[in-house]
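>>> Turn this into a model:
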Amino acid sequence: MAASPGGERVLNRARRRALLPLLAAVPVLAVLLALGNWQMRRLHWKTAVLAQLASAAQAEPVPLDTALPQPWTKVRVSGQFDHDHEALFGAEVRNGRMGAQLVTPLLRPGQPPLLVLRGWVPLERGQPVARPAGEASLVGYVRQGEEAAWVAARDNPASRLFYTFNPAVIASGLGLPAPLPFGLVVLGEAAGGPLPEAASSLPRPENPHLGYALTWYGLALTLVGVAGAFTRRRWKEAR
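This is a model prediction of the structure:
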């Protein structure tokens, strides 16, 4: 016996309702896949950065000349510290004490100032900080300047405290002429020596992006399975 027109309309409406969860899952699936793809791009980027860091760590320091060095390059340079215009950068807790990186301009005849991240110092005063006079010879690695992210803490030039390593902004806040567009992170002995505590090696950031990507792809696969199973059940109920 053929279904009545009224019964057919009711059946079609029921089937359309059965498809709604599947249709609602489509934009969520697109977002999950986009997040997974983004993490894969981050994985390739971080892998390249780690390879660059490993190569730079094995290389010998080169003299810092007028050419713009590549990020992370180990260099050696001489000049005189301008301790009157030092500043603090960032925030880091070590051994239960809050501190920051001590940034001091290095002056060289006929050259723009070079902002040097000499190492970590505690915020509370009391422990002496070495401030060498005269000519200083340094070995360190090049740190690129960066732009402030919208989530970054706001710099406080009046207190000489900065949270984004932007050499032009820091130099302007300190009343210095335009500096080199990068900084130098001093390499020294392991922590435990005199302040400031210089970095003992180049950074080695983690690379968790493959795990993040698999998480997003796994959620996408789970969504497909759940939405498909739910739609099949509703479709059968509508028959």
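>>> where do the helices sit along this structure?
Read by DSSP state H, the chain holds these helices, from start to end of the chain: 5-58, 167-174, 209-238.
>>> For residue 66, which of those helices is the nearest?
Evaluated over those, closeness to residue 66 peaks at helix 167-174, with 16.3 Å, by Cβ to Cβ. To be clear about C-beta, it is placed using only N, CA and C from the backbone, and glycine gets the same treatment.
>>> Show me how this structure divides into domains.
Described in terms of automatic domain parsing, the domain architecture of the chain consists of the residue ranges 34-54+204-239, 73-186.
>>> Return the most buried member of these.
Per residue and on average, the most neighbours among those fall to domain 73-186, with a mean of 16 (mean count of other Cβ atoms under 10 Å).
>>> what is the mean pLDDT for that one?
In this model, domain 73-186 carries a mean pLDDT of 93.
>>> that older thread, could you dump the domains of the chain into CSV and include distance to residue 196?
Listed next are those as CSV, based on distance: least, Cβ to Cβ, whole Å:
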stretch, distance to residue 196
domain 34-54+204-239, 21
domain 73-186, 3
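>>> what's the closest of those to residue 63?
For the domains of the chain, the distance to residue 63 is smallest for domain 73-186, at 6.1 Å, taking Cβ to Cβ.
>>> First-to-last residue distance for the closest one?
Taking Cα to Cα, to the nearest Å, domain 73-186 runs 12 Å from one end to the other.
>>> which residues sit in contact with the nearest residue to residue 132 once chain neighbours are set aside?
When the adjacent residues along the chain are set aside, residue 132 lies closest to residue 81, with 6.5 Å between them (Cβ to Cβ, 6 or more residues apart in numbering). Contacts of residue 81 were listed using Cβ atoms under 8 Å, 6 or more residues apart in numbering, and they are 104-107, 116, 131-133, 136.
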